[in-house]
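Engineer: Predicted model and sequence below, questions to follow.
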Amino acid sequence: MSVTVAIVGRPNVGKSTLFNRLVGRKIALVDDTPGVTRDRREAEGRIADLHFRILDTAGYEDKTDGSLEDRMRRQTELAIREADVILFMYDARAGVTPLDERFAQVLRRAGKDVHLIGNKAEGKASDAGLTEGYSLGFGEPVPLSAEHGQGMADLHAIISQAI
Ligand code: GDP
Ligand code: MG
C-alpha cells in the first residue's frame, strides 16, 4: 500500500511549488496571487527511490461557499483524513502569522504524523522565521526551499519513516 502525503498550510507559502517539484510536472498552478490553486490536486510523487501519493491543497475552491477560513479548514480536514504524513508548511521568511496559528490548531486535533516545514528557507532571510516556527507546537521546523530544491533529503527521511 502506498503512503499518502498531504501538503497543508495557508495560501502562498509554497505548497504547489513543492507539489510540482515532487511530481516533476506542472500540475498545480503556481502564482503570486494567494490561493490560485482552486482544486485539491493529487499525483504520484517521488524523491529518488521513494514513491508516494501526494496531495496539494488550496482552500479557495468556491468563493460563494462559506467564509474563507471555513473553506480552508474543510479542505485541510479532508487532506488530513486521507494522509499518513502531513507536511504543515509555513513561510519562514514571513515568520508565523495568525493564519498559520489557526492551521496549527486544526492540525493538533488531527492525531496524525505532522511535520512542520519552514519553506523559502534559502538564504539568511529565513533565520528568524525558522526560530519562530517552534511556537506552532510541532517541534523544530524542517528548513526547505521548494523553489531551489533544498531540504529534499530531510523530506525523504520524513516520508521513508512512514513507509
Ligand atoms: P501555495 O499558495 O502555498 O500553493 O504557494 P505557491 O506554490 O503558489 O507559491 C507562492 C509563491 O511563493 C510563488 O511566487 C512561488 O514562486 C514562491 N515560492 C515557493 N517556494 C519558494 C521558495 O522556496 N523560496 C522562495 N523565495 N519563494 C518560493
Ligand atoms: Mg497552491
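Structural biologist: Arrived safely, thanks for sending. Residues are numbered from 1 along each chain as shown. Ligands and ions are numbered 1, 2, ... in the order given.
Engineer: Strands of the protein, start to end?
Structural biologist: Secondary structure of the chain by DSSP state E: the strands cover 4-8, 41-47, 50-56, 85-91, 113-119, 142-143.
Engineer: Show me which residues of the worst-scoring helix or strand of the chain on mean pLDDT are buried.
Structural biologist: The weakest-scoring helix or strand in the chain, judged by mean pLDDT, DSSP states H and E, is helix 68-82 (a mean of 79). Of the residues in helix 68-82, 71-73, 75-76, 79-80 count as buried by neighbour count, 16 or more other CB atoms under 10 Å. Where C-beta positions appear, they are placed from N, C-alpha and C, glycine not excepted.
Engineer: Which other helices and strands does that helix contact?
Structural biologist: Contact partners of helix 68-82 among helices and strands, from 3 or more CB pairs under 8 Å, 6 or more residues apart in numbering; DSSP states H and E: strand 4-8, helix 98-108.
Engineer: Would you mind finding the most buried of the ones you listed?
Structural biologist: With neighbours defined as mean count of other CB atoms under 10 Å, those peak in mean count at strand 4-8, which reaches a mean of 25.
Engineer: Can you tell me what sits against it?
Structural biologist: Strand 4-8 is contacted from outside by 15, 18-19, 45, 52-57, 76, 79-80, 82-89, 103, 107, 159, 162, using CB atoms under 8 Å, 6 or more residues apart in numbering.
Engineer: ok, 6 Å please
Structural biologist: 15, 18-19, 52-57, 76, 79, 82-89, 159 (CB atoms under 6 Å, 6 or more residues apart in numbering).
Engineer: now residue 22, nearest residue through space, not along the chain?
Structural biologist: Nearest residue to residue 22, sequence neighbours excluded (CB to CB, 6 or more residues apart in numbering): residue 45, at 3.7 Å.
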